[in-house]
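Engineer: Would you be able to build a 3D model of this:
(chains A and B)
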Amino acid sequence: AQSVSQHNHHVILSEAASLELGCNYSYGGTVNLFWYVQYPGQHLQLLLKYFSGDPLVKGIKGFEAEFIKSKFSFNLRKPSVQWSDTAEYFCAVNPGGGADGLTFGKGTHLIIQP
Amino acid sequence: GAVVSQHPSWVICKSGTSVKIECRSLDFQATTMFWYRQFPKQSLMLMATSNEGSKATYEQGVEKDKFLINHASLTLSTLTVTSAHPEDSSFYICSADSAGGYTDTQYFGPGTRLTVL
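Structural biologist: Numbers count the residues shown, from 1 in each chain, chains lettered A, B, ... in the order given. Modelled structure (predicted):
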């Protein structure tokens, strides 16, 4: 079974700071990788996803993530955060090639201070 | 596009009663839908995979007789919590696969908060 580890449970940054949220997964085969965001009081929204191809994936709202297969990592980055990025961020995986449910990391609560 | 709705958004019930939660894909057909459970300040845990026209597949540790799932059409899946108890209080979230079950993005509903008294 796969597992997902997010290293930072709480992150506090000032506006305009750079962001990197770590995500490592454990699974021996091909995986699909996702980052979802959950703004306060709202449902999960997809930020970006990786299935194959270019390991550097660009998503919405200026976010990007890099898949490093050798490190089993899929870290999320944003060069300059905004107050509106305050939210819960979840990394998720599912095995590639099939319609499987997602395994989520525990989430990172990001607070951006104005 | 790719909107998923859930009804109700919140429900309070007495212990021992059953509660049905609906999950609908509004603008696409979903052969596969998923049910998750989210505890306060924690992550989502997959409960079951719901396939249209067939029995749901439950994750280990999830009681299939307690959490009844029906996927009667390509746009509707229901989760019924039977004989609910306070420990069933949680946030239940569904998602739908937009690609007919062939590995694509899951779109999530807004969730249903269940409180069992």
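Engineer: Quick one: name the residues of chain B near chain A.
Structural biologist: B:31-32, B:34, B:36, B:42-46, B:48-49, B:59, B:93, B:95, B:97, B:99, B:101-103, B:105-111 (CB under 8 Å from any CB of the partner chain). C-beta coordinates here come from the backbone N, C-alpha and C atoms, glycine included.
Engineer: Among those, which lie within strands?
Structural biologist: Using DSSP state E to define strands, the subset of the residues of chain B next to chain A located there is B:32, B:34, B:36, B:44-46, B:48-49, B:93, B:95, B:97, B:106-108.
Engineer: From those residues, pick the one nearest residue A:12.
Structural biologist: residue B:44 (23.5 Å; CB to CB).
Engineer: And the lowest-mean-pLDDT helix or strand in chain B, how far out from the chain middle?
Structural biologist: Least confident element among the helices and strands of chain B, by mean pLDDT, DSSP states H and E: strand B:106-108 (a mean of 88). Distance of strand B:106-108 from its chain centroid, counting by CA atoms, centre = their mean, to the nearest Å, is 12 Å.
Engineer: Now do the next helix or strand along the chain from it: which elements does it pack against?
Structural biologist: Later in the chain than strand B:106-108, the nearest helix or strand by DSSP states H and E is strand B:112-116. For strand B:112-116, the elements it packs on are strand B:10-13, strand B:19-25, strand B:90-97, judged by 3 or more CB pairs under 8 Å, 6 or more residues apart in numbering or on different chains; DSSP states H and E.
Engineer: quick one: strands adjacent to the last one?
Structural biologist: Meaning strand B:90-97. strand B:32-38 (antiparallel), strand B:106-108 (antiparallel), strand B:112-116 (antiparallel) (DSSP bridges).
Engineer: For the nearest residue to residue B:113 once chain neighbours are set aside, grab the count of nearby residues.
Structural biologist: Using CB to CB, 6 or more residues apart in numbering or on different chains and skipping residues adjacent in sequence, the residue nearest residue B:113 is residue B:10, 4.3 Å away. Burial of residue B:10 is recorded as 10 neighbouring residues (other CB atoms under 10 Å in any protein chain shown).
Engineer: Contacts for stretch A:104-114 next, please.
Structural biologist: For stretch A:104-114, contacts defined as CB atoms under 8 Å, 6 or more residues apart in numbering or on different chains pick out A:4-6, A:8-15, A:19, A:21, A:23, A:36, A:38, A:81-92, B:42-45.
Engineer: Just put the ones in strands among the residues of chain B next to chain A in CSV and tack on neighbour count.
Structural biologist: Shown next, in CSV, are those (neighbours: other CB atoms under 10 Å in any protein chain shown):
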residue, neighbour count
B:32, 26
B:34, 28
B:36, 25
B:44, 28
B:45, 18
B:46, 21
B:48, 23
B:49, 20
B:93, 25
B:95, 28
B:97, 24
B:106, 29
B:107, 23
B:108, 24
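Engineer: Thanks a lot, see you next time.
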